[in-house]
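Enquirer: 3D model of this:
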Amino acid sequence: MARLPFFLMLMVAAADLAAASANAQQRQVPTSAAQLQLSFAPIVQHVAPAVVNVYAQHVVANNNPFLADPFFRQFFGGMPRQQVERSLGSGVIVDPSGLVVTNYHVIADASEVKVALADKRELDADIVLKDERGDLAVLRIRGTNEKFPTLEFANSDELQVGDVVLAIGDPFGVGQTVTHGIVSAVARTQVGNSDYQFFIQTDAAINPGNSGGALVDVNGRLVGVNSEIYSRSGGSEGIGFAIPANMVRVVVASAESGSKTVKRAWFGAKLQEVTPEIADSIGLQHPSGALVASVVNGSPAARAGIKTGDLIVTIDGVTVDDPAAFDYRFATKPLGGETKIGLIRQGKETVVSLPLQGLPDTPRDEVVIKGRSPFLGATVANLSPALADEMRLDPQAEGVVITGVADGSAAKSVGFQKGDVVVSVNGQNIAKSSDLDRIANAGSRSWRVTIDRGGQQISVMFSG
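Expert: The predicted model follows:
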């Protein structure tokens, strides 16, 4: 066997040392007391100006039952008929024009929103976009041409367990606070308010008021938006969760495009988890992947040739551990182009191309029902895949959906709820909002109604 010249051996060894050194510089374990005395202050000074406090308030009716009784009203008449409720959270400036991202649950019912900057100024803000499914919202600071400091997005998929992170927000309203810790886990599921169960877990202290604040890496880049804590005491117990920056980026991009809703790609199939029993039955060594339970006719999944019983194992080459992982990966894909879905079908692996297109939306034709009927005071709309997705309904549901119920209305008193799908009334199928409006104005004295609520059909009778 030929031997390399001595100088070539030195060059190879030097190259190996340089590569090892570069990798070590990316992630290092402290090796001396001096390294432990290093400070995060430069990162905080860079990041803190882009983190704000968010104050939201909304007016609610005072439903004190004594106010409805003439006798007790003379004693309780001085009580206000309306009350103002306030919530406190945090936010992150992500665009120099004053776009702020925060959690949906911070501003969900707000009629007025203010943001407080790091320099103590309080400014009014408008709600630009709400994304209940992702528990995110985007605000715009109002009435200024100022260029604001911002945070750069990191690629949250590059995070590893053990990476150091800082959490910045306004816990308990005490003022801007910084805590630090490590990434405890990635891809955490079955936690929080988001439909996309794919959270970064950290032991950096996150408390009430931190919601919507920044989780940043040691380069000062935004890796996540703090969203939830697991706590038995109400305070931090070292288990906090953040929405990954790659999901936040999609929501911000929709707001920047002028959209009032988040534009995500439509898959068009229902997935289920692979249990140990299912894994055994299809010859898997361990439960993994996302099993296709049903496919919507005409959807991108159907056009790509995906079938019930297929097992999805990768998306663009990235392993899919469960349906939550697939939903997250797919939801962060930009519209346009296509994605490659890796499948196992009848024991054989295959890859299909799926177009990345938005959910189809048809005219919603929202109608407020005014006819004397159990639906009086309900607002209904035509269903479409886009509206079904927005309201977390079965994309294959048929009928018209109740999008709102007025307080004190007949619809409210008989128990109709937002999200109920009206399937039929008095034996007539309801296909459009105008169908229900016509029947509600027909003057019937009895009503046989079938609705779909949470996937379960309920039939009720009303009279009067």
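Enquirer: which stretches of the stretch 151-300 of the chain have low pLDDT?
Expert: Within the stretch 151-300 of the chain, the segments meeting pLDDT under 70 span 190-193, 230-236.
Enquirer: repeat that with 80
Expert: Low-confidence regions of the stretch 151-300 of the chain, defined by pLDDT under 80, span residues 172-173, 188-197, 229-238.
Enquirer: for it, what spans make up the strands?
Expert: Assigned by DSSP state E, counting those that start in this stretch, the strands in the stretch 151-300 of the chain fall at 164-169, 177-188, 199-202, 214-216, 222-229, 240-244, 269-273, 290-295.
Enquirer: make TSV out of those and add distance to residue 383 and mean neighbour count.
Expert: Glycine gets a C-beta too; all of them are placed from N, C-alpha and C. Formatted as TSV, these follow (distance: least, Cβ to Cβ, whole Å; neighbours: other Cβ atoms under 10 Å):
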stretch	distance to residue 383	mean neighbour count
strand 164-169	39	24
strand 177-188	32	18
strand 199-202	30	26
strand 214-216	37	32
strand 222-229	30	26
strand 240-244	28	27
strand 269-273	17	19
strand 290-295	17	19
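Enquirer: out of these, which gets nearest to residue 408?
Expert: The minimum distance between residue 408 and the strands of the stretch 151-300 of the chain falls on strand 222-229, with 33.9 Å, by Cβ to Cβ.
Enquirer: give me the most central residue, this structure.
Expert: Residue closest to the average C-alpha location in the chain (Cα atoms, centre = their mean): residue 134, at 0.7 Å.
Enquirer: report the buried residues of stretch 149-169.
Expert: In terms of neighbour count (16 or more other Cβ atoms under 10 Å), stretch 149-169 has its buried residues at 150, 151, 154, 156, 159, 163, 164, 165, 166, 167, 168, 169.
Enquirer: err, stretch 273-293, not the other one
Expert: Buried, per 16+ other Cβ under 10 Å, within stretch 273-293: 273, 274, 279, 284, 287, 288, 289, 290, 291, 292.
Enquirer: now the element after the helix or strand hosting residue 435, going C-ward?
Expert: Using DSSP states H and E, residue 435 sits in helix 433-440. Remark: after helix 433-440, the chain's next helix or strand is strand 446-453, criterion DSSP H and E.
Enquirer: convert the C-alpha atoms of that next one to CSV, please.
Expert: Taking C-alpha atoms only, strand 446-453 is exported to CSV below (Å, rounded to 0.1, in the frame of the first residue of the first chain):
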residue,chain,number,x,y,z
SER,A,446,-92.7,23.6,14.7
TRP,A,447,-89.1,22.8,13.8
ARG,A,448,-87.2,19.6,13.3
VAL,A,449,-83.6,20.5,13.1
THR,A,450,-80.5,18.3,12.4
ILE,A,451,-77.1,19.8,13.1
ASP,A,452,-73.5,18.4,13.0
ARG,A,453,-71.5,19.4,16.1
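Enquirer: just how off-centre is that strand within its chain?
Expert: Remark: strand 446-453 is offset 32 Å from the chain centroid, using Cα atoms, centre = their mean, to the nearest Å.
Enquirer: can you check stretch 181-200 too?
Expert: The answer for stretch 181-200 is 11 Å, by Cα atoms, centre = their mean.
Enquirer: grab the longest strand from the protein for me.
Expert: With secondary structure taken from DSSP state E, the chain has its longest strand at strand 82-95.
Enquirer: can you pull the pLDDT of the residue nearest to the centre of the chain?
Expert: Per-residue pLDDT puts residue 134 at 90.
Enquirer: so it versus residue 411, what's the distance?
Expert: 29 Å (Cβ to Cβ, to the nearest Å).
Enquirer: got the angle for the longest strand of the chain vs strand 164-169?
Expert: In terms of direction (axes from the mean of the first three to the mean of the last three Cα atoms, to 10 degrees), strand 82-95 departs from strand 164-169 by 140 degrees.
Enquirer: pairing partners for the helix or strand just after strand 82-95, with directions?
Expert: For strand 82-95, the following helix or strand on the C-terminal side (DSSP H and E) is strand 99-102. Paired neighbours of strand 99-102 in the sheet (DSSP bridges): strand 82-95 (antiparallel), strand 136-141 (antiparallel).
Enquirer: give me the mean pLDDT for the helix or strand just after strand 99-102.
Expert: The helix or strand immediately downstream of strand 99-102 is helix 104-107, counting by DSSP H and E. The average pLDDT for helix 104-107 rounds to 92.
Enquirer: could you dump the helix or strand that helix 104-107 is followed by to PDB, C-alpha only?
Expert: Downstream of helix 104-107, the next assigned helix or strand under DSSP H and E is strand 112-116. The C-alpha trace of strand 112-116 is given here as PDB (Å, rounded to 0.1, in the frame of the first residue of the first chain):
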ATOM      1  CA  GLU A 112     -58.400  48.000  21.900                       C
ATOM      2  CA  VAL A 113     -54.700  47.100  21.900                       C
ATOM      3  CA  LYS A 114     -51.700  49.100  23.000                       C
ATOM      4  CA  VAL A 115     -48.000  48.200  22.900                       C
ATOM      5  CA  ALA A 116     -45.300  49.500  25.300                       C
END
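Enquirer: hey, what's residue 240 bridged with?
Expert: With DSSP bridges as the rule, residue 240 is bridged to residue 202, residue 229.
Enquirer: which ones are touching it?
Expert: Contact analysis of residue 240 by Cβ atoms under 8 Å, 6 or more residues apart in numbering lists 167, 201, 202, 203, 204, 205, 206, 210, 226, 228, 229, 230.
Enquirer: let's see that with 7 Å instead.
Expert: 202, 204, 206, 226, 229 (Cβ atoms under 7 Å, 6 or more residues apart in numbering).
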